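Trainee: what follows is a predicted protein model with its sequence.
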Amino acid sequence: MGMDEEILVVPRADLLWEGPFRGVRTTEMDEYLARVQRHGRFRRRGDVEDDPTLKQIIPYLVVRSDGRVMLFQRTRAGGEGRLHGLYSIGVGGHVARADVAGAADAVAHGLQRELQEELSVGGEWSARLVGVLNDDDNPVGQVHFGLVHVVDVPSGAVTIRETDRLTGRLAAPEEVAAVYPMMETWSQLVVDAGILQA
């Protein structure tokens with residue numbers, strides 16, 4: 001995604017009406033979604049990348065199957081250097097205007113596009129919002145806001161499309177716990193929220 005692409009953002013004051021928080025909230029999710037739909041607008045990524053008055057909306061997808069969670073590790077070929085080598089239990093990305101043009105629900109459409117771009121899923125899948133994620137403790141977190149979805153894939157047939165940027169596999173809870181110290185912050189916050197079994 002280039003810096004000229006237009007991405008979905010929401011003014012911080014409209015999204016965080018009760019003030020900032022750190023971690024995953026599992027209440028008032030309908031209100032957060034309504035605020036994204038009501039106040040969301042598309043802006044050039046290069047203009048908002050360092051603007052903490054705007055929150056870039058990120059569908060963050062945690063893929064599960066039969067009690068296991070997809071565990072990813074970012075390679076050196078990935079775009080974000082600060083994440084190289086770190087583990088993650090989610091994939092996510094910006095909602096781009098070009099990808100959701102004409103869609104009635106930009107978030108749902110962006111979620112589906114992100115899943116299909118990052119992963120190959122065999123068989124049926126379902127996604128549901130389980131929380132919203134905010135972390136203003138670092139410059140990257142200050143400009144992003146996560147919509148955490150659990151994606152259930154009953155078949156367990158999940159593979160990574162862009163294997164040069166990402167490796168991964170379905171992992172048992174104890175395997176996820178073992179790499180917790182080496183996880184990116186958002187994944188740690190999702191684990192801390194205890195919603196993996198939700």
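Mentor: Cool, the structure landed. Numbering: from 1, shown residues only.
Trainee: pull the contacting residues for the residue most central in space within the chain.
Mentor: Against the mean C-alpha coordinate of the chain, by C-alpha atoms, centre = their mean, the closest residue is residue 60 at 1.8 Å. If you count contacts by C-beta atoms under 8 Å, 6 or more residues apart in numbering, residue 60 has them with 90, 91, 92, 133, 146, 147, 148, 149, 186, 190. Using the backbone N, CA and C atoms, a C-beta is placed for each residue, glycine as well.
Trainee: what subset of those is buried?
Mentor: The neighbour count (16 or more other C-beta atoms under 10 Å) marks 90, 91, 92, 133, 146, 147, 148, 149, 186, 190 as buried among those.
Trainee: which of the residues you listed fall in strands?
Mentor: 91, 92, 133, 146, 147, 148, 149 (DSSP state E).
Trainee: ok, now how distant is the nearest residue to the second one once chain neighbours are set aside from residue 47?
Mentor: Nearest residue to residue 92, sequence neighbours excluded (C-beta to C-beta, 6 or more residues apart in numbering): residue 60, at 3.9 Å. From residue 60 across to residue 47, the span is 23 Å (C-beta to C-beta, to the nearest Å).
Trainee: quick revisit: okay, the contacts of residue 60 in TSV with pLDDT and distance to residue 172 next?
Mentor: Below are the contacts of residue 60 laid out as TSV (pLDDT from 0 to 100; distance: C-beta to C-beta, whole Å):
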residue	pLDDT	distance to residue 172
90	94	17
91	92	19
92	90	23
133	98	24
146	97	24
147	97	26
148	97	21
149	96	21
186	95	21
190	97	17
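Trainee: perfect, I'm done here.
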